[in-house]
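Asks: What follows is a predicted protein model with its sequence.
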Protein chains: 2
Amino acid sequence: MTTATLLRARAFAPGSVGNVGPGLDILGLAVSGAGDEVLVERLDASGVVVRDAGHRDLPTRADKNTAALAAAEVLRRAGSPVAGLAVSIRKGLPLAGGQGGSAASAVAAAVATNRLLGDPLDRLALLDACLAAEETVAGRHPDNVAPSLFGGIVLVRSLTPLDVVCLPVPAELRVVLAHPDQRLRTRDARAVLPHDVPLSVALTQAAQVAAMVAALATDDYGLLGRALEDGIAEPARAPLLPGFREAKAAALRAGALGASISGAGPTAFALVRGETIAQAVAAAMDAAYRSVGVVPQVRVAQVDRQGAREIR
Amino acid sequence: MTTATLLRARAFAPGSVGNVGPGLDILGLAVSGAGDEVLVERLDASGVVVRDAGHRDLPTRADKNTAALAAAEVLRRAGSPVAGLAVSIRKGLPLAGGQGGSAASAVAAAVATNRLLGDPLDRLALLDACLAAEETVAGRHPDNVAPSLFGGIVLVRSLTPLDVVCLPVPAELRVVLAHPDQRLRTRDARAVLPHDVPLSVALTQAAQVAAMVAALATDDYGLLGRALEDGIAEPARAPLLPGFREAKAAALRAGALGASISGAGPTAFALVRGETIAQAVAAAMDAAYRSVGVVPQVRVAQVDRQGAREIR
């Protein structure tokens, strides 16, 4: 551990698909392209302040802002002599979009703060700090925070103690994201989840997540698609998402391996093998949303294997 | 497909651990050593008869005997000109022991019958025939039938359509089986399972099964042990099994990666890395059962990678 501190540090954290198919709360993947950037600057005054929340709808109060909360967690856990920090956020991810924007802001802030302090915390400690920050705002749901921080596809085996498994990423895997012009608060999307599920549903869901892991380990794209079946969250949330069913059906017709809701929605995602089919799936999802009067933003991404990183 | 048929054929099918930890109904592994043997002999008379049930407590009626039922299923599906079969069973596995004895009898009968008919059915069709046979007696639970037939460690992703995934077997993996002097009918052990589970329990369980698959794919014995946590069946069934809790605790103290109930019980199993620790775990489980007045049969096995096979 070094105690050399910087005056400022900046980090980027990618967006992510949480709740990958059947992997509600336990399986997430980082997505290339858009992400959030956070600049932290050393203050002589004590505490963390939000200098720029990055969007007028995001809280400027440090105790409500995930980035500021994450920075404060890292500061506290590091036991650093640095008194205070100013946090400035540049949002690349949509708000309440289901692309892990809140998690990315927390992760970028944590990584930047850790860098500013001379990297006192390891990756698992950073994850724990981000989870604590997110918990205040949205509950302790690690399937966005973990992939945004680590990159790749991440299985969260346990929260207490923290135990995460980074899974292999098949080379030709593409992720099509379709973000309809809608916001869905995680809180509202969680409210429709059942409190209990039939045993048979639980076992089926477990088999699907396990099969996804097996598929990733063996580059078995077909199995990956067959296993991308969510019998719990998707049936509950689909009714909240105009155009989702049409977009999913269109994605599958266009050759997607599978499709579901990204995180708590409203973004839909499809997993696809290869760039060519991914482009066709993107066009099909776009057309499907428009056919029911929803205007989406659609893009083709890869899995971001790097995760959060400092920006110099 | 060949239509050349034999007059008789004999097959062996290994025992198995079903419901491996969190993998209730979906994850099973075949175990080396004891198994069931079935001889099928061609009859001119129509239908399947049980010539030797292998144990006085096993049904001699063909419509109640899993081996005879499996033979009949294969006969029917093969559309063979062979009219009838006589089935003779040699039981190597305990009755109602939780070591997949019923499944092994069905599998051995199916494999022998298929051989007798010139191998008209492929492995997946044989699996389906065995499941149909087992369903009549014990319900459609594939986590014993699939590993007994295929060998190795098998994940059942889907029953309809049938979709099974054979997982890698870490080289040093050992399975300690402790069979207390008790019979537990699968029906009774299933009756104590909950109809519904809290969502959080379902997600935790899914994460464990998925982590087990990741662990097997990467020879990560530590993760395999951490993931061997069953929050659904084991808590419900442990009270039916005198000595189980003591034996599990003793196994863990002796260095087992994890331990749980094999299938529906009463056999307990432990997963262990390496033969030396396995012997120590076996001794510890034996002593623990005896300390509460239960006499177990304990053995150290490997995963049987071959599965059911013809015996000439």
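Replies: Thanks, I have it. Numbering: from 1, shown residues only, chains lettered A, B, ... in the order given.
Asks: Please count neighbours and contacts with C-alpha atoms only from this point.
Replies: OK.
Asks: Identify all contacting residues around the helix or strand that residue A:125 is a member of.
Replies: Element membership for residue A:125 (DSSP states H and E) is helix A:123-138. When contacts are defined by C-alpha atoms under 8 Å, 6 or more residues apart in numbering or on different chains, helix A:123-138 is touched by residues A:64-67, A:69-70, A:73-74, A:77, A:102-103, A:106-107, A:110-111, A:140-142, A:145-146, A:149-150, A:162, A:186-187.
Asks: Drop anything exposed from those residues.
Replies: A:65-67, A:69-70, A:73-74, A:102-103, A:106-107, A:110-111, A:140-142, A:145-146, A:149-150, A:186 (16 or more other C-alpha atoms under 10 Å in any protein chain shown).
Asks: Filter those down to just the ones in helices.
Replies: A:66-67, A:69-70, A:73-74, A:102-103, A:106-107, A:110-111, A:142, A:145-146, A:149-150, A:186 (DSSP state H).
Asks: OK, contacts around the nearest residue to residue A:208 once chain neighbours are set aside?
Replies: For residue A:208, ignoring the flanking residues on the chain, the nearest one in space by C-alpha to C-alpha, 6 or more residues apart in numbering or on different chains is residue A:227 at 4.7 Å. By C-alpha under 8 Å, 6+ apart, residue A:227 lies in contact with A:22, A:208-209, A:211-212, B:157.
Asks: For residue B:216, see how far away residue A:227 is.
Replies: If you measure residue A:227 against residue B:216 using C-alpha to C-alpha, to the nearest Å, the figure is 18 Å.
Asks: Residue A:119 too?
Replies: For residue A:119, the distance to residue B:216 equals 33 Å [C-alpha to C-alpha].
Asks: Residue A:74 too?
Replies: As judged by C-alpha to C-alpha, residue A:74 and residue B:216 stand 34 Å apart.
Asks: again, but for residue A:249
Replies: In terms of C-alpha to C-alpha, residue A:249 sits 34 Å off from residue B:216.
Asks: where does chain A come near chain B, residue by residue?
Replies: Residues of chain A found near chain B (C-alpha under 8 Å from any C-alpha of the partner chain) are A:23-26, A:155-158, A:165, A:167, A:194-199, A:202-211, A:213-214, A:217, A:227.
Asks: Who has more neighbours out of residue A:249 and residue B:216?
Replies: residue B:216 (20 against 16; other C-alpha atoms under 10 Å in any protein chain shown).
Asks: Packing partners of the host helix or strand of the more buried one?
Replies: Here residue B:216, judged by DSSP H and E, is contained in helix B:199-217. If you count contacts as 3 or more C-alpha pairs under 8 Å, 6 or more residues apart in numbering or on different chains; DSSP states H and E, helix B:199-217 packs onto strand A:153-158, strand A:163-167, strand A:196-198, helix A:199-217, strand B:163-167, helix B:221-227.
Asks: repeat that with 7 Å
Replies: strand A:153-158, helix A:199-217, helix B:221-227 (3 or more C-alpha pairs under 7 Å, 6 or more residues apart in numbering or on different chains; DSSP states H and E).
Asks: Would you mark the buried spots in the second one?
Replies: The one in question is helix A:199-217. A:199, A:201-217.
Asks: Stretch A:16-35 too?
Replies: Using 16+ other C-alpha under 10 Å as the test for burial, stretch A:16-35 gives A:16-32, A:34-35.
Asks: low pLDDT regions in the stretch 1-150 of chain A?
Replies: A:1-4, A:139-140 (pLDDT under 70).
Asks: I'd guessed residue A:189 sits against residue A:264; true?
Replies: Yes - look at residue A:189 against residue A:264 with C-alpha atoms under 7 Å: they come within range, at 5.6 Å.
Asks: Settle it for me: which of the two has more neighbours?
Replies: residue A:264 (27 against 19).
Asks: what's the longest strand in chain A?
Replies: With secondary structure taken from DSSP state E, chain A has its longest strand at strand A:27-43.
Asks: Strand A:153-158 and that strand, what's the angle between them?
Replies: 90 degrees (axes from the mean of the first three to the mean of the last three C-alpha atoms, to 10 degrees).
Asks: Which elements pack onto strand A:27-43?
Replies: strand A:8-17, strand A:84-90, helix A:101-116, helix A:142-150, strand A:153-158, strand A:296-301.
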